[in-house]
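Colleague: Compute the structure for the input listed below.
(chains A and B, ligands or ions: 2)
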Amino acid sequence: MSTQIVKTQITKTQITKTPVTKNEMEISFDAISRNESFARVAVAAFVAHLNPTLEELADVKTAVSEAVTNSIIHGYENFYGYGRHGERPVTECPIHPGKVRLKCVLEGDVLHIEVEDKGKGIADLEQAMEPLFTTRPELDRSGMGFAFMEAFMDDLEVESVPGQGTIVRMMKKMGSTAWIDCEE
Amino acid sequence: MEDFQIIDNCLMVRLPEEVDHHLAAYICENADRFILQQNVAHVIFDFEDTRFMDSSGIGIIMGRYRKIACFGGRVYAIHVDRQIQRMFTLAGLNKIVEVLA
Ligand SMILES: Nc1ncnc2c1ncn2[C@@H]1O[C@H](COP(=O)(O)OP(=O)(O)O)[C@@H](O)[C@H]1O
Ligand SMILES: [Mg+2]
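Modeller: Ligands and ions are numbered 1, 2, ... in the order given. Sure thing, here's the model as predicted:
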């Protein structure tokens, strides 16, 4: 028996240096209310090295929370959070299976966020995006989710097909926003 | 300190560190229980511990306001930071909530 010694030669073409200014992450998690905080903390950690201001960080966390919560409660209709699960047996609150996909791309100091679900979808997108419009007033929803995403991010794009799902794309330039006081 | 406290005819709700949908049902259900059982006229939301909020917090306040407004009740908010105040403004909540300094 002979031992074969393979000499590996690393050529220049094998090492493709990705520019340090671009960074990407993608996670997929169950559509349950516990993961709302997980998602926004994950995104906050992803951009932490840019030294964002507290306001910027709060803006991004709120926007992520809105999109992810929408996928969970509207897309997959998993309405109840800790309260109902705490007070009633969990079996009384069936959890619909489904995943939420969260993708972040950092290009320099520009953060792109994508939140996707394969849930119910939105029939009338224009109406859904109106401030204070909600299809779930009985669940104490305010209808301000899309309005907050729009206000706290630089750009918002929503794509939805009824019966197939929803994709929310948001963009924000980090490290540049001066505090803007909003008028009523 | 208790999360829900009755002082005279007021219900004081001490909100958690993170006000989101996950905890919203817990806050709403308990607040409503006190409002029904203890003849609460006014509700005070205390944001002292709150470090994060999304639109679920706006829903919590609007929902409690609807429960007490028909009896002349009022909603107050204390320890409101800049970020939360901004959400109040965007939602037009300043018309129904009195923010105390
Ligand atoms: N991912 C989604 N899947 C299905 N419907 C959605 C989704 N996101 C939003 N919607 C619809 O759009 C409406 C408005 O959303 P939003 O502004 O976040 O308000 P809220 O969540 O308080 O209802 C929701 O009530 C719901 O009908
Ligand atoms: Mg929403």
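Colleague: Only C-alpha atoms, please: export the helix or strand hosting A:A151 in PDB.
Modeller: Element membership for A:A151 (DSSP states H and E) is helix A:145-152. C-alpha atoms of helix A:145-152 as PDB (Å, rounded to 0.1, in the frame of the first residue of the first chain):
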ATOM      1  CA  GLY A 145     -47.000  48.800  11.600                       C
ATOM      2  CA  PHE A 146     -46.500  49.800   8.000                       C
ATOM      3  CA  ALA A 147     -46.500  53.500   9.000                       C
ATOM      4  CA  PHE A 148     -43.700  52.900  11.500                       C
ATOM      5  CA  MET A 149     -41.700  50.900   9.000                       C
ATOM      6  CA  GLU A 150     -42.000  53.800   6.600                       C
ATOM      7  CA  ALA A 151     -41.200  56.400   9.100                       C
ATOM      8  CA  PHE A 152     -38.200  54.700  10.700                       C
END
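Colleague: Show me what it is packed up against.
Modeller: Applying 3 or more Cβ pairs under 8 Å, 6 or more residues apart in numbering or on different chains; DSSP states H and E, one finds that helix A:145-152 contacts helix A:54-70, strand A:155-161, strand A:165-173, helix B:55-69, helix B:82-90. (Glycine included, C-beta is placed from N, CA and C.)
Colleague: most packed of the ones you listed?
Modeller: Most buried of the helices and strands packed on helix A:145-152, by mean neighbour count (mean count of other Cβ atoms under 10 Å in any protein chain shown): helix A:54-70, with a mean of 24.
Colleague: isn't there a helix covering A:H49?
Modeller: Yes: judged by DSSP: H, G, I helix; E, B strand; the rest coil, A:H49 forms part of a helix.
Colleague: Need the per-residue pLDDT for it.
Modeller: With respect to pLDDT, A:H49 scores 91.
Colleague: returning to that earlier point: among the helices and strands packed on helix A:145-152, which is nearest ligand 2?
Modeller: helix A:54-70 (4.4 Å; Cβ to the ion).
Colleague: Next one: the one residue in chain A that gets nearest to ligand 1 from A:G119, what distance?
Modeller: Proximity of chain A to ligand 1 (Cβ to the nearest ligand atom) peaks at A:G145, 2.0 Å away. To A:G119, A:G145 is 15 Å away according to Cβ to Cβ, to the nearest Å.
Colleague: if you count what's nearby, which of the two comes out ahead?
Modeller: A:G145 (30 against 25; other Cβ atoms under 10 Å in any protein chain shown).
Colleague: Residue of chain A closest to ligand 2, please.
Modeller: Residue of chain A nearest ligand 2, by Cβ to the ion: A:G145 (2.6 Å).
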